[in-house]
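[1] Here you go, sequence then predicted model.
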Amino acid sequence: MQKNNQDILILGIESSCDETAASVVKNGREVLSNVVFSQIDIHKLYGGVVPEIASRNHIQVVDEVVKLALDEAGVTLSDINAIAVTYGAGLVGALLVGVSFAKGLAQASGLPLIAVNHIEGHICANYITYPDLQPPYMCLLTSGGHTAVVKVEDFDKYTVLASTVDDAVGEAFDKVARVLKLPYPGGPHVDKLAKTGSPNYKFHSVVISNGNFSYSGLKTAVINTVHNAVQKGETINPADIACSFNHCAIDGLIDTLKLHTQKSGLNTVAVAGGVGANSYLRERMKEFELDGIRVCLPQLNLCGDNAAMIASRGYFMYLNGEFGDLSLNACPTLKLRGEKPHS
Ligand code: KG4
Ligand code: ZN
């Protein structure tokens, strides 16, 4: 590994849900290693993430995953400038594994510790895929726990312009997948099935009167449509349901992003979070290009949970001197900076 004196190497650690991940990133944008140990096959058996099992599995592999990330990057801890770890939002027990491990490593190595907000990390996946990207830009945040249109004013300044008042979009994908008897995690399966169907079912828009989103109504509408058909002995076409849901879930996001982008006059839009891997969403995002707007779509392996995005976020915090200490604790309900709760 080539490292100049000016280069900053951050070791990122991520364990907020069902992925144990570690990564070394140079100068916030260049990935030297990106190791993800997924527990999907374990949680699949239960139809969703079992928090207790997630924590236990993180504990079993976290040291090996970190070691692999250092080895694959061709570095040792003495080359690293700081350790960045996700401390929220997420499952408390799962977060605590990464946080405790990072604190121990920081204490033993004498390296600074950086406490990273997982959601801010998702946004930073864009800085890796697009090394020249600079704020300001508009970002569509779409994960299993968050759904928002965010104006990224600067590397550490965000304004939330619209967000969900109840479920997150990814959560709705997972619930709809379950009623369609698709495996966990449902999003990619709904995405795939939707491609073979038509949007014949009409569901209400997810955009509510105050401009925010509501996914709980859409989720219930899909579940009721399936259950009513089953009760009446009617056949449903799962591909059409998946396609109709997929369109409805994504269209409201794109329309709202368009509205705020036009108002802001910004000429760049980006996507962040697991649902950013959705093929219909990625297709619709291209519409912005017709208006001369630059579209940033993180590479697929950086849409879902990973530690490269955490290391990237850690780099920008390192530049700002934002360091944590050994009192760091997990914060399961952490919000994006500047995000206000719905009244
Ligand atoms: O960002 P992420 O990996 O974890 C959280 O921070 O929540 O997002 C996970 C969510 C899950 O709900 C998963 O079903 C969804 O992203 N997802 C998708 C696709 N790939 C993952 N949803 C729709 N289409 C996809 N292709
Ligand atoms: Zn995530």
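    Arrived safely, thanks for sending. Ligands and ions are numbered 1, 2, ... in the order given.

[2] hey, let's count contacts and neighbours off CA atoms from now on
    Noted.

[3] Output the lowest mean pLDDT helix or strand found in the protein.
    Least confident helix or strand of the chain, by mean pLDDT, DSSP states H and E, is helix 40-44 with a mean of 88.

[4] Now do the helix or strand just after it, average pLDDT.
    The element immediately downstream of helix 40-44 (helix or strand, assigned by DSSP states H and E) is helix 51-73. Model confidence over helix 51-73, given as mean pLDDT, is 96.

[5] Next, the buried residues of helix 51-73.
    For helix 51-73, the neighbour count (16 or more other C-alpha atoms under 10 Å) marks 51, 54-55, 57-59, 62-63, 65-70, 72-73 as buried.

[6] Give me every residue in the stretch 151-300 of the chain lying close to ligand 1.
    Within the stretch 151-300 of the chain, the positions near ligand 1 by C-alpha under 6 Å from any ligand atom are 170-171, 173-174, 185-188, 191, 273-275, 277-278.

[7] about what we covered before: so which of the buried residues of helix 51-73 is the closest to residue 342?
    When the buried residues of helix 51-73 are ranked by distance to residue 342 (C-alpha to C-alpha), residue 51 comes first, at 26.6 Å.

[8] Could you measure from that closest one over to ligand 1?
    Remark: distance between residue 51 and ligand 1 (C-alpha to the nearest ligand atom, to the nearest Å) = 14 Å.

[9] Same question for residue 229.
    Plainly put, residue 229 is 24 Å away from ligand 1 if you go by C-alpha to the nearest ligand atom.

[10] who's in contact with that residue?
    Contacts here follow C-alpha atoms under 8 Å, 6 or more residues apart in numbering; on that basis residue 229 touches 235, 236.

[11] Based on its surroundings, how many neighbours for residue 287?
    By other C-alpha atoms under 10 Å, 14 other residues sit near residue 287.

[12] whoops, I mixed them up, residue 10
    Neighbours of residue 10 under the rule other C-alpha under 10 Å: 29.

[13] Okay, and the beta partners of it?
    Taking DSSP bridges as the rule, residue 10 bridges to residue 25, residue 82.

[14] Distance of it relative to ligand 1?
    According to C-alpha to the nearest ligand atom, residue 10 stands 21 Å off from ligand 1.
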